[in-house]
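**Student:** the sequence and its predicted three-dimensional model are supplied below.
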Amino acid sequence: MTTVPPPVAPERAGFVVELDQFSGPLDLLLHLIREDEVDITDLPIAKIADQFLAVIDELGLNQAADYLEMAARLLRIKAQLLLPRRAGDDEWEDPRAELVRRLLEYQQIRELVDWMQQAAARRAEQFGRGFAPEPAAAPPAPLVIELNELLAAAERVIALIPEPMLHRVVPRPLDVEGATAKIEALLAGREQLAWRDVVGARATVVDVLSAFIALLELAKRGALKVHQDGAFGPIVIRREPAREAA
Amino acid sequence: MSPLAKLLEAALFAASRPLTVDELCSLDPQAGEGTVRAALSEVRETYATGGHGVELVEIAQGWQFLSRREYAEAIDRAQFTLRPRRLSPAALETLAIIAYRQPVGRLEVDEIRGVDSGAVIDKLVERGLVEVVTRGEGLGRPLLYGTTPQFLEVLGLRELDELPRLEELSVALRPPAPAEPE
Amino acid sequence: MSPLAKLLEAALFAASRPLTVDELCSLDPQAGEGTVRAALSEVRETYATGGHGVELVEIAQGWQFLSRREYAEAIDRAQFTLRPRRLSPAALETLAIIAYRQPVGRLEVDEIRGVDSGAVIDKLVERGLVEVVTRGEGLGRPLLYGTTPQFLEVLGLRELDELPRLEELSVALRPPAPAEPE
């Protein structure tokens, strides 16, 4: 039987950053494992996955990305374990292995947390000097900067600047035309694109916004169709049959 | 010292302000005011006669430990009240950009560092290393920052020209426009 | 106590944080480190044997006067001073990871905790327990974090190596014991 601390207020559930009950999905998993008194290294994945889903449902965590990602991971492992495998297959690798490693590592962190909590509590039994001298009377703290530190910082800054080199920096407006041209060029070569093909892996907010507006505009013009199978599913961009000839 | 005197000593040490006799009495509900005053004298005597660097002083209708006057100068000189500070890597980076590109606006610094630099710039202003020198053209007439004389002082430079001219700097941190004759 | 010991006592009393031996040496330019360490022992002995309510403790790579444990409750109850805020489990988890893996980037912390730790790290930086120590190699040259002297102060540690060694933990990353029959 799974007992769960009192649920969070529903209005908080939308964007969960930090819960009172659990500090993250691994914490929740560890809680379930401890309750069931099962061995982490021989995780009863089907049972734990069901319990995990039940708890995130009960706590209204259905929109918390970190918890959802873990739920998906559990279900995938559960499915993999259900696949038939040949007897005596040495190549077979337990799909639970990675999760077990992370859980053991996390458990170690929790133990450190216990230790640190005790150390902090012990330190809190002693008080330092409470009275601090008047700030006005106190001389300012001496500041130390070495010239070579400043140069090292300048070099780090230089390394940060991507090619091509920087000329004059102005706040960049949305570049919808550029994004439109890019999408059209991509579609000229291919029937179908993924969202990632359009924005790339290192897109800035401006890039994403530009590409998104360009997509909507092109879709409105009938040059392409944007399709998404479900919420948060991958976005597929398909070229529309040559209507431009009409 | 008696247990009550030791308790008073600990409390007077830890308090962030002078403590009145009433407040000291609240430390031990069993002890009456007379007992507390006697213990207070005990603490004061201990520090007065034992050859200590601090003393218990009656001040602002209360009691407080203070370091003896003769040590005040040495302590002031050592500047303990605040920890000597080094700048964080983020602050140094921002300072480097402002030093080489001044006058420069916040957006430009953000763009070069790839992160929001507002808080870092504010800290540098607070520390007197950087200041608003003018306003730029364009939207909202942004504040433009430059380094202060104190920046030179901390680095031990006489002039900004003494900042090393790295070859790469001429590319990446080149001032946006040719310098105007002043 | 010797004049130097009294000077150290006054300075340590005045400071609201641990002072390093280097800082204590700067109090008297004539005194060498050996002399200062001897005087430091003299102060510690005085407070250890004299039946005082405070003691001199080695902490966070320095020395600090602290009230004795037995008076914690009375001082706390009387509310003469603020008790430090407690850290949340999420903050402690993040601190533990940063303490053991420093210098470490945000992504690595996220991965070990299984959640986005950006906000928690920002809070720890704000509280002075963690700071950016350098930038990593690779994409975007990520900021890498490490712990500060104040981290040691909050845990009452002298050095980082007083943290438990990972091998000492009961669930260290080693193969589990042979399964027992259920």
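**Tutor:** Right, received. Where do you want to start? Numbering: from 1, shown residues only, chains lettered A, B, ... in the order given.

**Student:** next one: phi and psi at the closest residue to A:H31 other than its chain neighbours?
**Tutor:** Leaving aside its sequence neighbours, A:H31 sits nearest to A:F22 (Cβ to Cβ, 6 or more residues apart in numbering or on different chains; 6.6 Å). Backbone N, C-alpha and C define where each C-beta goes, glycine included. The phi and psi torsions at A:F22 (degrees, to the nearest 10) take the values phi -130, psi 140.

**Student:** do the same with A:Q63
**Tutor:** With angles defined as degrees, to the nearest 10, A:Q63 sits at phi -120, psi 10.

**Student:** in the longest helix along chain B, what's buried?
**Tutor:** The helix that spans the most residues within chain B, counting by DSSP state H, is helix B:33-49. Within helix B:33-49, the residues that count as buried by 16 or more other Cβ atoms under 10 Å in any protein chain shown are B:V36, B:A39, B:L40, B:E42, B:V43, B:R44, B:T46, B:Y47.

**Student:** make TSV from those and add distance to chain C and pLDDT to it.
**Tutor:** TSV is the format used below for these (distance: Cβ to the nearest Cβ, whole Å; pLDDT from 0 to 100):
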residue	distance to chain C	pLDDT
B:V36	12	95
B:A39	11	96
B:L40	13	95
B:E42	11	95
B:V43	8	95
B:R44	14	94
B:T46	8	92
B:Y47	10	93
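
**Student:** in a markdown table: those residues, plus distance to B:R135.
**Tutor:** What follows is the buried residues of helix B:33-49, written out as a markdown table (distance: Cβ to Cβ, whole Å):
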| residue | distance to B:R135 |
| --- | --- |
| B:V36 | 62 |
| B:A39 | 64 |
| B:L40 | 60 |
| B:E42 | 65 |
| B:V43 | 60 |
| B:R44 | 60 |
| B:T46 | 62 |
| B:Y47 | 58 |
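
**Student:** and the residue lying closest to A:V226 once chain neighbours are set aside, what pLDDT?
**Tutor:** Nearest-residue entry for A:V226: A:A219, 5.2 Å, with adjacent residues in sequence omitted and distances by Cβ to Cβ, 6+ apart. pLDDT, A:A219: 83.

**Student:** which neighbouring elements make contact with the strand or helix carrying A:A219?
**Tutor:** Assigned by DSSP states H and E, A:A219 belongs to helix A:205-221. Counting contacts by 3 or more Cβ pairs under 8 Å, 6 or more residues apart in numbering or on different chains; DSSP states H and E, helix A:205-221 is packed against helix A:176-189, helix A:195-199, strand A:224-228.

**Student:** still on that earlier bit, quick check: the residue nearest to A:V226 touching A:H227?
**Tutor:** No. Shown here, A:A219 and A:H227 do not form a contact pair, counting by Cβ atoms under 8 Å, at 10.0 Å.

**Student:** C-alpha coordinates for the strand or helix carrying B:I112, CSV please?
**Tutor:** B:I112 is part of helix B:106-113 when elements are defined by DSSP H and E. Provided in CSV are the C-alpha atoms of helix B:106-113 (Å, rounded to 0.1, in the frame of the first residue of the first chain):
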residue,chain,number,x,y,z
ARG,B,106,24.2,46.6,-20.9
LEU,B,107,22.7,44.9,-24.0
GLU,B,108,26.0,44.8,-25.7
VAL,B,109,27.7,43.2,-22.6
ASP,B,110,24.8,40.7,-22.4
GLU,B,111,25.3,39.8,-26.0
ILE,B,112,29.0,39.2,-25.7
ARG,B,113,28.8,37.2,-22.5
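
**Student:** OK, contacts around A:G189?
**Tutor:** Residues near A:G189 by Cβ atoms under 8 Å, 6 or more residues apart in numbering or on different chains: none.

**Student:** what comes up buried for stretch A:176-186?
**Tutor:** For stretch A:176-186, by 16+ other Cβ under 10 Å, it's A:V176, A:A179, A:T180, A:K182, A:I183.

**Student:** could you report the neighbour count for the closest residue to the third one other than its chain neighbours?
**Tutor:** The reference is to A:T180. Sequence neighbours aside, A:A214 is the residue nearest to A:T180 in space, at 4.2 Å (criterion: Cβ to Cβ, 6+ apart). Neighbour count of A:A214, defined by other Cβ atoms under 10 Å in any protein chain shown: 22.

**Student:** contacting residues for A:A214?
**Tutor:** Applying Cβ under 8 Å, 6+ apart, the residues contacting A:A214 are A:V176, A:A179, A:T180, A:K182, A:I183.

**Student:** any figure for the gap between the residue lying closest to A:I235 once chain neighbours are set aside and A:I56?
**Tutor:** Distances taken as Cβ to Cβ, 6+ apart place A:W195 nearest to A:I235, at 4.2 Å, with adjacent residues excluded. The spacing between A:W195 and A:I56, counted by Cβ to Cβ, to the nearest Å, is 27 Å.

**Student:** pull the contacting residues for the closest residue to chain C within chain A.
**Tutor:** Proximity of chain A to chain C (Cβ to the nearest Cβ) peaks at A:R123, 3.2 Å away. Counting by Cβ under 8 Å, 6+ apart, A:R123 touches C:E153, C:V154, C:L155, C:G156.

**Student:** quick check: of those residues, which lies closest to chain B?
**Tutor:** For those, the nearest to chain B is C:E153 (11.3 Å; Cβ to the nearest Cβ).

**Student:** kindly confirm my reading that that closest one is in a helix.
**Tutor:** Yes. Secondary structure of C:E153 (DSSP: H, G, I helix; E, B strand; the rest coil): part of a helix.

**Student:** and the chain, what are its domains?
**Tutor:** Just going to use chain A. For chain A, the domain assignment from automatic domain parsing gives the residue ranges A:19-82+A:94-122, A:176-239.

**Student:** the intended chain is chain B.
**Tutor:** If you go by automatic domain parsing, the domain ranges for chain B are B:3-78, B:89-168.

**Student:** hang on, the earlier thing: so for A:W195 and A:I56, which sits in the more crowded spot?
**Tutor:** A:I56 (22 against 17).

**Student:** so after the helix or strand harbouring the more buried one, what's the next helix or strand?
**Tutor:** Assessed by DSSP H and E, A:I56 sits inside helix A:45-58. Downstream of helix A:45-58, the next assigned helix or strand under DSSP H and E is helix A:65-82.

**Student:** would you map the strands across chain B?
**Tutor:** Here chain B has its strands, by DSSP state E, at B:54-59, B:62-67, B:85-86, B:104-105, B:130-135, B:143-147.

**Student:** turn the ones you listed into JSON lines, columns for distance to C:L87.
**Tutor:** Output for the strands of chain B, formatted as JSON lines (distance: least, Cβ to Cβ, whole Å):
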{"stretch": "strand B:54-59", "distance to C:L87": "32"}
{"stretch": "strand B:62-67", "distance to C:L87": "30"}
{"stretch": "strand B:85-86", "distance to C:L87": "24"}
{"stretch": "strand B:104-105", "distance to C:L87": "38"}
{"stretch": "strand B:130-135", "distance to C:L87": "33"}
{"stretch": "strand B:143-147", "distance to C:L87": "36"}
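
**Student:** please work out which of those is packed deepest.
**Tutor:** Burial of those is given as mean neighbour count (mean count of other Cβ atoms under 10 Å in any protein chain shown); strand B:104-105 ranks first at a mean of 24.

**Student:** packing partners for that one?
**Tutor:** When contacts are defined as 3+ Cβ pairs under 8 Å, 6+ apart, strand B:104-105 sits against strand B:143-147.

**Student:** the strand it packs on pairs with which strands, and in what direction?
**Tutor:** Each strand paired with strand B:143-147, and its direction, by DSSP bridges: strand B:104-105 (antiparallel), strand B:130-135 (antiparallel).

**Student:** give me the contact list for the last one.
**Tutor:** For strand B:130-135, the external contacting residues (Cβ under 8 Å, 6+ apart) are B:95, B:98, B:102-103, B:121, B:124-125, B:141-148, B:151.

**Student:** try the shortest one
**Tutor:** When contacts are taken as Cβ under 8 Å, 6+ apart, the neighbours of strand B:104-105 outside the stretch itself are B:I97, B:I98, B:G136, B:P142, B:L143, B:L144, B:Y145, B:G146, B:P176.
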